[in-house]
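Engineer: Fold the following.
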Amino acid sequence: MPDLASTTLLYLAPRGGTSGVGDHADDFVAAVTPHLGDIVELRHGPPREDGIGDVLRTRWALRSALAERRDRTVVVHAELSGGSLAGLWAAAGAQASVRTATLHDPPRPVWYPYLTKGLARSRYLVHGAHLPFDRLTARVERRLMRDVEAFALSAEGVEAMAAAGVGASQTVSHLLIPARPVLPPADERPRAVGLFGHVYRGKGFDQLMAIRRALDPGVALRVAGRGTADLPLMPGVEILGEVRGAAEDEFFASVRALLLPYERRYVYGGEVFPASSVLMRALAYRTPSLSTGVGPLSSAARAGATIVVDGDGTTMAAAAADLVDDPARLQAATDDLDAFAATQTIESAIAPYLQAWAR
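Structural biologist: Numbers count the residues shown, from 1 in each chain. I've put the predicted structure just below:
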């Protein structure tokens, strides 16, 4: 690994516990800390929670930190996702030794760069402020990123960024698999399948009733994650809400397989290629998963990280019913997860960043 003992990292990211990107940021900081001389975390809110004042305060904090370290090698790195305007605008024009960013929803750094807390109160205002200016906004974002070395967490994301001309360079890394307790083998867990993650359009939570109808009545269906507590009650669906710590362990210990009935994601006609943090949770708990073959899930399936099912949630439910009652297939899927996880080490995830910062 490069020697970065005299390097300071100024790190822009959502606060931990507020979003999947914020959770990733916590793990990322822990992984790179031993390799750097100093880290200054400049945390902001998740999409829809920052106002203009919040963005300006984050920008001022970054400029102050840069001014205090004029005699040092300073890296500015931002974790950017669909609506995280603070990281984009705070880092814009920053004069640092190196500037890098991870795009969690490539190819664009931020699809809704004007999504302030006030604007978020109305979907009409959100789209009124973005849709008419989308092409101009895309050009502005490319300009803001022209001196930034851009990272994506999948090969598909890097290809999309390169095609869109986003970033001074485009480099692939991967999500970190979080450390989690060892659970009983999948075939020894309750006869159940689960959906997990943050509720928003395209993640399959709108298919819950169809999945329940298609699923064997003897197989339980459990749902957990941010926003799931707001889902309507459904017969035969156990909704747990957000789970953290021991509650998250208990959720994964209560299902034999996870369902990822994701749809292709588009914003104003442009396809988005996010890596799946939910899949990383499944890997951490060695929980086999069934998924649609969209975006990075296709290459993940080829590497053994998930099992792709052609069709919608109902097709996936039928396939899940077969999987959970087949101990040999569950074990084979778990063996594939072990092999895949061995290639997704902390060192391999952070190495491209350390190399970029050393340059």
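Engineer: Can you measure across stretch 188-204, start residue to end residue?
Structural biologist: This stretch, stretch 188-204, spans 26 Å end to end (Cα to Cα, to the nearest Å).
Engineer: again, but for stretch 242-250
Structural biologist: Terminal residues of stretch 242-250 are spaced 12 Å apart (Cα to Cα).
Engineer: Name the residues of it that are buried.
Structural biologist: By 16 or more other Cβ atoms under 10 Å, the buried positions in stretch 242-250 come out as V243, E248. Where C-beta positions appear, they are placed from N, C-alpha and C, glycine not excepted.
Engineer: From the rest of the structure, what touches it?
Structural biologist: 17, 180-181, 183, 224-229, 240, 251, 281, 285 (Cβ atoms under 8 Å, 6 or more residues apart in numbering).
Engineer: Please apply the same query to stretch 147-156.
Structural biologist: Residues outside stretch 147-156 that contact it (Cβ under 8 Å, 6+ apart) are 91, 98-104, 106, 109, 158, 160-161, 166-175, 273, 275, 295-296, 298-299, 352-353, 356.
Engineer: Now E49: closest residue in space, sequence neighbours ignored.
Structural biologist: Here the nearest residue to E49 in space, its sequence neighbours aside, is K117; by Cβ to Cβ, 6 or more residues apart in numbering that works out to 5.8 Å.
Engineer: give me the number of residues near the one you found?
Structural biologist: Taking other Cβ atoms under 10 Å as the criterion, the count of residues near K117 is 15.
Engineer: now swap in the one 3 residues further on and tell me
Structural biologist: Using other Cβ under 10 Å, A120 is surrounded by 17 other residues.
Engineer: quick one: R139 from A94, how far?
Structural biologist: 20 Å (Cβ to Cβ, to the nearest Å).
Engineer: Can you pick out the residue with more neighbours from these two?
Structural biologist: Using other Cβ under 10 Å, the more surrounded residue of R139 and A94 is A94, with 19 against 12.
Engineer: Now do the same for that one: helix, strand or coil?
Structural biologist: For A94, the assignment made with DSSP: H, G, I helix; E, B strand; the rest coil gives coil.
Engineer: How about it, nearest residue that isn't a chain neighbour?
Structural biologist: Here the residue nearest A94, using Cβ to Cβ, 6+ apart, is V76, at 5.0 Å.
Engineer: On the three-state scheme, the one you found is what?
Structural biologist: On the basis of three-state DSSP, V76 is classed as strand.
Engineer: coming back round to it: for the residue nearest to E49, what are phi and psi?
Structural biologist: With angles defined as degrees, to the nearest 10, K117 sits at phi -60, psi -40.
Engineer: Residue most distant from the centroid, this structure?
Structural biologist: Relative to the centre of the chain, the most outlying C-alpha is that of D71, 34.7 Å out, by Cα atoms, centre = their mean.
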